[in-house]
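# Got a predicted structure plus its sequence, pasted below:
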Amino acid sequence: GENVEQHPSTLSVQEGDSAVIKCTYSDSASNYFPWYKQELGKGPQLIIDIRSNVGEKKDQRIAVTLNKTAKHFSLHITETQPEDSAVYFCAASKGSGGSYIPTFGRGTSLIVHP
Amino acid sequence: DTAVSQTPKYLVTQMGNDKSIKCEQNLGHDTMYWYKQDSKKFLKIMFSYNNKELIINETVPNRFSPKSPDKAHLNLHINSLELGDSAVYFCASSQAREDTQYFGPGTRLTVL
C-alpha cells in the first residue's frame, strides 16, 4: 500500500519567516495530494491540494509543489503569522470519486512565534 | 449551518460497553468516511462509504461497524470497547466525483 513520510514533525519559526513542510510518497500511481490544517480541538481543514498533472499551485501565502519523478511534494507558507500555528497533514491517494482512500503523513506541528 | 456535525463531542465509557457516534452532513455529498486519530495525532482512515460501496480498512477490528440510515448520515457503532479504542474519531464527507473531504469537529472517546 501507499506510504507517506512527512518532515519535520515539529517546526518553529518567527512571525514573518517562511515555513516548508515536505512529504514523500511510495506509490507512483498516486495522483491527488491534499494538505490539511488542524487547529487545536478541531477537525482537519483542506487548505490547498494539487493533482499529478500540475507541478505547482499557489493560493495567496500558501503554495504546494509536486515532483512526480522524485515522488515528493512540499507545502510552502510565506510571511507566517501566529494564526498559522497548527498541525499540518499531507496526504496522497489515487483514483477519483468516492472510493478514494487517502494515506496521511504523521503531521507537522507548526509554531509561529510573534 | 454546520457542514459536518458529530455527536457527542466527548464520550467516556467503561471497557466492554457498546457505544455509537453519530455523524450528519448537510453538503449533499454522496460519500462519507470515518477516521481515527490517536494520541500522537496520526490520522488513519477506517471506512469509506457511499450508497454503492463500503470500503473497509483491513486493519480495523470487526467490533467497529458503520451504519448509514440515509445518504446524509453515517454512524459508527463500536462493540466491546477496549482501552486501545480511546482516540478522537472524525467523520468526513466528499462529493462522489471530487476528492476534497470535509471533516467534522471530532468525538473524543475515552475508555476506562
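Ah, there it is.

# pull the helix or strand with minimum mean pLDDT from chain B.
Ranked by mean pLDDT, DSSP states H and E, the weakest helix or strand in chain B is strand B:54-56, scoring a mean of 76.

# swap in chain A?
When the helices and strands of chain A are scored by mean pLDDT, DSSP H and E, strand A:103-104 comes last with a mean of 91.

# Get me the contact residues on chain B for chain A.
Contact residues, chain B versus chain A (Cβ under 8 Å from any Cβ of the partner chain): B:4, B:30-31, B:40-45, B:48, B:50, B:53, B:55, B:57, B:90, B:92, B:94-106. To be clear about C-beta, it is placed using only N, CA and C from the backbone, and glycine gets the same treatment.

# how about 7 Å then?
Proximity of chain B to chain A, by Cβ under 7 Å from any Cβ of the partner chain, involves residues B:30-31, B:41-43, B:45, B:48, B:50, B:53, B:55, B:90, B:94, B:96-97, B:99-100, B:103-106.

# Show the pLDDT at residue B:101.
Note on residue B:101: pLDDT of 88.

# before we move on, what about residue A:31?
The predicted structure scores residue A:31 at 88 on the pLDDT scale.

# what does residue B:45 give?
89.

# That one - how many residues pack around it?
Using other Cβ atoms under 10 Å in any protein chain shown, residue B:45 is surrounded by 23 other residues.

# now it: how far from residue B:14?
Using Cβ to Cβ, to the nearest Å, residue B:45 is found at 27 Å from residue B:14.

# cool, residue A:38 as well?
29 Å.

# Could you check which of the two has the larger neighbour count?
Neighbour count, other Cβ under 10 Å: between residue A:38 and residue B:14, residue A:38 has more, with 21 against 9.

# show me what contacts the more buried one?
A:44, A:86-87, A:89 (Cβ atoms under 7 Å, 6 or more residues apart in numbering or on different chains).

# mind listing the strands for chain B?
B:4-7, B:10-13, B:19-25, B:31-37, B:43-49, B:54-56, B:64-70, B:73-78, B:87-94, B:102-103, B:107-111 (DSSP state E).

# Ignore what I typed, I meant chain A.
Listed in chain order, the strands of chain A (DSSP E) span A:4-7, A:10-14, A:19-25, A:32-38, A:45-51, A:56-59, A:62-67, A:72-77, A:86-92, A:103-104, A:108-113.
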